[in-house]
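>>> just coords:
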């Protein structure tokens, strides 16, 4: 007879000399068979030798001739039936609790599915009746699907670990395929649409809700269906929506993905599309859904687990425009999925000192409605691939008609990181829609220990957010139309809202009298300024030294430039050999300030031939700056009234 499963869990080992009978009727001699007390024994060995039981045992003679054995477990502890019974009961209770947990999770999942299905179908219908654009409807559907995926991950206890930079809107994500849970994992991390097989469209609720949310369905083996789906993928990407595809075409339980199919890569190769390879790894292989496993039983098994850990690794983006060969592009993505190479540091980790903006854009009309100003705060942290590329092209279009040589620093590089800590205001001509001017400010971090209160734990003070005024460019055909002043005023509104502050520390480096004079008149506590009324404080010197030592690459200051603490003049900032911004206009009539005193101050203090610029540090108070601006214009009017008419000056 085999040892019972309960005895195995208790650690009982069958003796070599005989069988262990647990709770069974044992043969007795005739004399002992008539004794009711000896009718049943808990354990008996036949035949056996004393001490043959693993873990040790003791024999006790019985009146009926048998030898009763005191059983011990394999670890030497006494055998306790109550412990075995408690273990069996606790195992049964644990299985019952898991079944209850699965029932609660499945009920919550289908309830959440019904809510999101109602929301996405009803919302898209309302938007369609309201004649909203297709991009608006798709964006709404993708957002609701993101809510559904993220909620589903929480319902089933999926703990997601992210490695690498998250894909930005408008990216094509290609990933390995392990389970249907891959869709919930990737869709719960970032809002994205999916390319799914046509059979999913017939699933109750999921098919209809997915179609309303922008999921693209393709029939396997149908080349025409694949071509139409590939065209829809490109349309989604150009509209700023991310799309996730599983190029394997099916799920696999192997750690090594199956070879990628090249259908979609033929459509996107050579186009300005960013591809982000992703790899999904589960800690438990039982989560994978492969073979002929049924959906609902597998889903029930996943729901019985307390939690499941999954790791998502995003490799560095691949620019499809740099690879026109579809096969090479496919192979590059396959290698990136098999052996991910994530970014060493995420963009958000580098900008922890800068609060995220809750209001991203603003739009205003200026100069009687002739121009439309659009302001973007920190666009590199939230803007999609396509819109960010168009914003970059608008800046280049203005720069090409403003300067003789294209700058090669900051936002002109086109890198996303250069737009992550900037606020940009662009003026568009309403008649033509062309960009005519822009101004770009950059957020910088400095440590101002003297101006922040130290805590009782003597921890390091948090970095102070400083706004560098950056540069302003206006097309030559639109200069002299007073665009710079309203453009400059509107750009401060978003930082005021997003940083929740009315007072900022500002810096500026310029050589043109117009920029130096505007900073001197519109801000307060500015040093240096052309009227020479303010004195240099430790605050001014500390900010200037930190900005020029750590952030001069943000505004194109030459590495060979030398800062003079006494005059705040940066010698050789625009040195042509140093790679600075020497190409900007310095002595153009448009760069002259309305106050001649400022023009004279710049001519006497700056050597334009040597590439000198003046570094200014000040503070801006939104309310106070408005009054200062009005006071500056009032003083200018009074000075003009005090001057004699031009006819009298000519006669004299």
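That came through, no problem. Please read these numbers as outputs of a predicted model, since none were measured by experiment. Numbers count the residues shown, from 1 in each chain.

>>> All the helices of the stretch 351-500 of the chain, residue numbers only.
For the stretch 351-500 of the chain, the helices defined by DSSP state H, counting those that start in this stretch occupy 385-400, 416-420, 484-490, 493-499.

>>> TSV please, covering these and showing mean pLDDT.
Output for these, formatted as TSV (pLDDT from 0 to 100):
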stretch	mean pLDDT
helix 385-400	93
helix 416-420	93
helix 484-490	81
helix 493-499	87
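
>>> Columns mean neighbour count and distance to residue 110 on top of those, output as TSV?
Yep, even glycine has a C-beta here, placed from its N, CA and C like the rest. Converted to TSV, the helices of the stretch 351-500 of the chain look like this (neighbours: other Cβ atoms under 10 Å; distance: least, Cβ to Cβ, whole Å):
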stretch	mean neighbour count	distance to residue 110
helix 385-400	17	35
helix 416-420	19	40
helix 484-490	19	50
helix 493-499	18	40
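
>>> so which of those helices comes closest to residue 509?
helix 484-490 (15.7 Å; Cβ to Cβ).

>>> that older thread, how about the helices of the stretch 351-500 of the chain, which one is nearest residue 164?
helix 416-420 (14.4 Å).

>>> ok so, going back, arrange the helices of the stretch 351-500 of the chain in TSV, one row each, with distance to residue 448 as further columns.
Shown next, in TSV, are the helices of the stretch 351-500 of the chain (distance: least, Cβ to Cβ, whole Å):
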stretch	distance to residue 448
helix 385-400	31
helix 416-420	22
helix 484-490	25
helix 493-499	15
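
>>> and residue 298, which of those is closest to it?
When the helices of the stretch 351-500 of the chain are compared by Cβ to Cβ, helix 385-400 sits nearest residue 298, at 35.7 Å.

>>> what about the protein, any weak spots by pLDDT?
1-84, 290-293, 449-461, 575-590, 622-652 (pLDDT under 70).

>>> Look up phi and psi at the most centrally placed residue in it.
Residue closest to the mean C-alpha point of the chain, counted by Cα atoms, centre = their mean, is residue 166 at 4.6 Å. The phi and psi values for residue 166, taken as degrees, to the nearest 10, are phi -60, psi 140.

>>> Ignoring the adjacent residues along the chain, who's closest to it?
residue 190 (5.6 Å; Cβ to Cβ, 6 or more residues apart in numbering).

>>> Quick check: the gap between the residue nearest to the centre of the chain and residue 129.
Residue 166 is 34 Å from residue 129, where distance means Cβ to Cβ, to the nearest Å.

>>> Surely the residue nearest to residue 166 is in contact with residue 243?
No: using Cβ atoms under 8 Å as the test, residue 190 is too far from residue 243 to be in contact (11.3 Å).

>>> Of the two, which one has the most company?
Neighbour tally, residue 190 and residue 243, criterion other Cβ atoms under 10 Å: the higher count belongs to residue 243, 26 against 21.

>>> The more buried one against residue 236, yeah?
Yes: with contact defined as Cβ under 8 Å, residue 243 counts as touching residue 236 (5.1 Å).

>>> Find residues that contact each of these two.
Common contacts of residue 243 and residue 236 (Cβ atoms under 8 Å, 6 or more residues apart in numbering): 193, 216.

>>> quick revisit: which residues does the residue nearest to residue 166 contact?
Counting by Cβ under 8 Å, 6+ apart, residue 190 touches 146, 166, 167, 169, 242.

>>> mind checking how far it is from residue 376?
Counting by Cβ to Cβ, the gap from residue 190 to residue 376 is 20 Å.

>>> before we move on, the earlier item: quick one, phi/psi of the residue nearest to residue 166?
phi -140, psi 150.

>>> Number the residues from 456 up from this point.
Will do, 456 is the new start, and the previous item becomes residue 645.

>>> Specify which member of the contacts of residue 645 is nearest to residue 594.
residue 624 (9.2 Å).

>>> Now do the contacts for that closest one.
Contacts of residue 624 (Cβ under 8 Å, 6+ apart): 645, 646, 695, 696, 697, 838, 839, 840.

>>> quick one: which of those is most hemmed in?
Going by other Cβ under 10 Å, residue 697 tops the contacts of residue 624 with 26 neighbours.

>>> how about that residue, phi and psi?
phi -80, psi 150.
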